[in-house]
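**Student:** Turn this into a model:
(one chain, ligands or ions: 1)
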Amino acid sequence: MRSIIDTLDLTVEELQGLVDTAMDIIANPSSYSDACRGKKLATLFFEPSTRTRMSFEAAMYELGGNVISMTDAATSSASKGESVADTAKIVSCYADIIAMRHPREGAALVAANNASIPVINAGDGGHCHPTQTLADLLTIYREKGRFDNLTIGLCGDLLYGRTVHSLIHAMSRYENVKFICISPEELKLPAYMEEGGDYENTTSLEEALPRLDILYMTRLQEERFADPAQYERLKNSYVLNPENMKLAKEDCSVLHPLPRVNEIAVAVDEDPRAAYFRQALNGKYMRMALILKLLGEAAKDKSKTVVTGEIEEGCTCNNPKCITKVEQELACKFRRVGEKKLCIYCDAEM
Ligand code: CP
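**Tutor:** Now for the predicted structure:
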């Protein structure tokens, strides 16, 4: 049984297959209107969302399927202390596929390990958000026509921004992709993300802008700051506006996973290079493609999801946001990557 926790769960060929399916859905929507007839998607959102949940639900309806939804942890039995593992087992009785967002890093993997249906990670804390990356990839493909030979500026909260981490995982597998990381010192990309890629760090958006094929703006993740005063100090670090857009290339595409706060002025929306609303629409097409793929595979393989590779036990994850901190019955497990031991749930170094 296949679940999608991280963008890296999909090969480059599979990503291209999803893009091709999405492009075919855009060209021939009526061919897909019955593709999931009789199937149910469960959307389990333990954290707020507009785009991800609603685009998943729209995707399933446009495929002819149905949706059951949990939109607020406070109205579910999670509020009575039910574990993610038990929730996944229960929802497997009612639905054919799950899309889950949870504030705990690694929660999606716990759900996948316990569900008997495919689980799609719709965001687990600051860890991964693979379907946002699918939306980003289709947008890059439709705006630029390629995935290679690109200089990508990543601007804002590169420490907590899970969309940035997932996008890097996906794009660093293509030829000649350079990342220019634009952030305050306090919100720099974690060092482990930079291994093996072509990265440059700067604090100046204006300095980077003229060199970019793509500018990926992000919101400061206020909800993930331990110190509110730090958020207040950093929240206006970068604002894209018509004035600094003059520094960008004529064909620079501006992406943003949204929601935005103030990091892109509303006046930029009129600029044809602003691709972020098209990006949100692309998310629906890629989620349609992913649902089709996983349900198709699940029909052939009903075995449970398993974590592959050499897994060891005997360490404690130090990440306070890791799912192992609240689901105490979970054994802390790790995999070795070179000299490092990484938690299998949240990828934090142990
Ligand atoms: N981009 C994104 O994940 O948006 P939502 O939080 O509204 O789902």
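
**Student:** Spell out whether the lengthiest helix in the chain and the ligand are in contact.
**Tutor:** Counting residues, the longest helix found in the chain (DSSP state H) is helix 276-300. No: counting by CB under 6 Å from any ligand atom, the ligand has no neighbours in helix 276-300; the shortest distance is 7.5 Å. The way it works is simple: take the backbone N, C-alpha and C, and place the C-beta from them, glycine included.

**Student:** What average pLDDT does that helix get?
**Tutor:** Averaging pLDDT along helix 276-300 yields 97.

**Student:** which strands and helices sit next to it?
**Tutor:** Packing contacts for helix 276-300, counted by 3 or more CB pairs under 8 Å, 6 or more residues apart in numbering; DSSP states H and E, involve helix 12-27, helix 51-62, strand 97-102, strand 119-124, helix 130-144, strand 253-255.

**Student:** Apart from its neighbours in sequence, what residue is nearest the residue of the stretch 201-350 of the chain found nearest the ligand?
**Tutor:** Of all residues in the stretch 201-350 of the chain, residue 257 sits closest to the ligand, at 3.8 Å by CB to the nearest ligand atom. In space, and not counting its chain neighbours, residue 257 is closest to residue 163: 4.3 Å by CB to CB, 6 or more residues apart in numbering.

**Student:** List the contacts of that neighbour.
**Tutor:** When contacts are counted by CB atoms under 8 Å, 6 or more residues apart in numbering, residue 163 touches 129, 132-133, 136, 218, 257.

**Student:** With residue 6 instead?
**Tutor:** Contacts of residue 6 (CB under 8 Å, 6+ apart): 121, 128, 130, 166, 169.

**Student:** how does it look with 6 Å?
**Tutor:** 128, 130 (CB atoms under 6 Å, 6 or more residues apart in numbering).

**Student:** so residue 345 makes contact with residue 108?
**Tutor:** No: contact criterion CB atoms under 6 Å: residue 345 and residue 108 do not qualify, at 9.1 Å.

**Student:** Give me the more crowded residue out of those two.
**Tutor:** The neighbour comparison of residue 345 against residue 108 (other CB atoms under 10 Å) goes to residue 108, with 34 against 29.

**Student:** my read: that one touches residue 123, true?
**Tutor:** No: applying CB under 6 Å, one finds residue 108 not in contact with residue 123, separated by 8.3 Å.

**Student:** deepest of the helices and strands packed on helix 276-300, which one?
**Tutor:** Most buried of these by mean neighbour count (mean count of other CB atoms under 10 Å) is strand 119-124; its value is a mean of 29.

**Student:** Which neighbouring elements make contact with that one?
**Tutor:** strand 97-102, helix 107-114 (3 or more CB pairs under 6 Å, 6 or more residues apart in numbering; DSSP states H and E).

**Student:** Give me every residue in the stretch 201-350 of the chain lying close to the ligand.
**Tutor:** Counting by CB under 6 Å from any ligand atom, the stretch 201-350 of the chain sits next to the ligand at 257-259.

**Student:** 8 Å - rerun?
**Tutor:** Counting by CB under 8 Å from any ligand atom, the positions of the stretch 201-350 of the chain adjacent to the ligand are 257-259, 280, 283.

**Student:** Now the buried members of these.
**Tutor:** Neighbour counting with 16 or more other CB atoms under 10 Å marks 257-258, 280, 283 as buried within those.

**Student:** how close does the residue nearest to residue 2 when sequence neighbours are not counted sit to residue 184?
**Tutor:** Nearest-residue entry for residue 2: residue 297, 4.9 Å, with adjacent residues in sequence omitted and distances by CB to CB, 6+ apart. Look at residue 297 and residue 184: by CB to CB, to the nearest Å, they are 42 Å apart.

**Student:** Looking at the two, which one has more neighbours?
**Tutor:** Taking other CB under 10 Å, residue 297 and residue 184 do not tie; residue 184 has more neighbours (17 against 12).

**Student:** Please tell me how far the more buried one sits from residue 254.
**Tutor:** Taken as CB to CB, the span from residue 184 to residue 254 is 20 Å.

**Student:** likewise residue 243?
**Tutor:** In terms of CB to CB, residue 243 sits 14 Å off from residue 254.

**Student:** same deal with residue 341?
**Tutor:** From residue 341 to residue 254 the distance is 39 Å (CB to CB).

**Student:** repeat for residue 152
**Tutor:** 12 Å.

**Student:** Specify the local secondary structure of residue 31.
**Tutor:** Taken by DSSP: H, G, I helix; E, B strand; the rest coil, the conformation at residue 31 corresponds to helix.

**Student:** Report pLDDT for the closest residue to it other than its chain neighbours.
**Tutor:** Nearest residue to residue 31, sequence neighbours excluded (CB to CB, 6+ apart): residue 24, at 7.6 Å. What the model reports for residue 24 is a pLDDT of 98.

**Student:** ok, now residue 226?
**Tutor:** Residue 226 is given a pLDDT of 78.

**Student:** that older thread, redo the contacts of residue 163 as CSV? Include pLDDT.
**Tutor:** Below are the contacts of residue 163 laid out as CSV (pLDDT from 0 to 100):
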residue, pLDDT
129, 93
132, 96
133, 96
136, 98
218, 94
257, 96
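
**Student:** contacting residues around the closest residue to the ligand within the stretch 51-200 of the chain?
**Tutor:** Closest to the ligand within the stretch 51-200 of the chain is residue 52: 3.2 Å, counting by CB to the nearest ligand atom. Counting by CB under 6 Å, 6+ apart, residue 52 touches residue 122.
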